[in-house]
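# model the structure of this input:
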Amino acid sequence: MKNPVHEVASLLLEKFLLLAKLLSLGSSAEEEEKKKHGFYYDISYFKPGDLLEVPRTLFVHFGIYLGNNRVAHLMPDVLPAFTNDQKQIQKVVTNKRLILGVIAKMARIRVDTVEDFAYGGPILVNHMDKLFKDSILCDEEVVCRAEKLVGATEYSLLWNNCEHFVTYCRYGSLVSFQTDKFCEMVKTIIRDQRSVLVAVLLGLASILCLGLAPSTTLPTIIIPFMLWMAG
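Model prediction:
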């Protein structure tokens, strides 16, 4: 008789390898799409210290313009953990490197060209200034702060992402409105009593798949109870 734990582990490994393969294919496809439909960026429109903002599919990416077609921005990246080859590290971060960097909580504040930073998307300039009218630092201070931070750093989706980096550099405050929205969404899900039912069903499914044990039974009881109390 097969061990159900081994079966689940094998299934998860298979799914992970499939995901890695899809990400690799997706990265190549994105590169081709970028070449076909890339934007033209008039860098004369940017000045050192500008906060650049690029809308992406699921999030918005931020950077600080340093001048001379250079942008400092924080990117999750797992590659520096495996190599010190700066030529490899400086290549455009693929989706696979980015996702693994998020999981490993590793990132770099790196300097790229405007084209590589934007990755084929439109750029908004100083779009956040209206929210920090009285807190905008002088351009020289913004550039100085960004350049001092270039290099390896820890990554946290909630506490240290690309938006925290640019708001610190330009406004002197570590703020991420994307994080705030995400937290509000999580709160909404927790407060929705239907989440309790979903947690119970998932717990029962884990018991059926993995068997009756403290590692499956306790979460099935505790998590729905906590969600119910929080709601």
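# what about this structure, any weak spots by pLDDT?
1-39, 185-200, 202-204, 206-207, 210-211, 213-231 (pLDDT under 70).
# could you chop it up by domain?
38-176, 192-230 (automatic domain parsing).
# residue boundaries of the helices in this structure?
Taking DSSP state H, the helices of the chain run over residues 4-37, 86-89, 95-104, 114-118, 139-148, 162-171, 177-191, 194-210, 214-230.
# how far away is K133 from N126?
11 Å (Cβ to Cβ, to the nearest Å). The way it works is simple: take the backbone N, C-alpha and C, and place the C-beta from them, glycine included.
# which of the two has more neighbours?
With neighbours defined as other Cβ atoms under 10 Å, K133 and N126 compare such that N126 has more, 17 against 8.
# so what's the residue count around the residue nearest to the more buried one when sequence neighbours are not counted?
In space, and not counting its chain neighbours, N126 is closest to L51: 5.3 Å by Cβ to Cβ, 6 or more residues apart in numbering. The number of residues packed near L51 is 23, by other Cβ under 10 Å.
# same check on A152?
Neighbours of A152 (other Cβ under 10 Å): 13.
# could you count how many residues lie near the nearest residue to it once chain neighbours are set aside?
With Cβ to Cβ, 6+ apart as the criterion, A152 has its nearest non-adjacent residue at 5.5 Å, and that residue is R108. Counted with other Cβ under 10 Å, the neighbours of R108 add up to 21.
# do the same with Y168
19.
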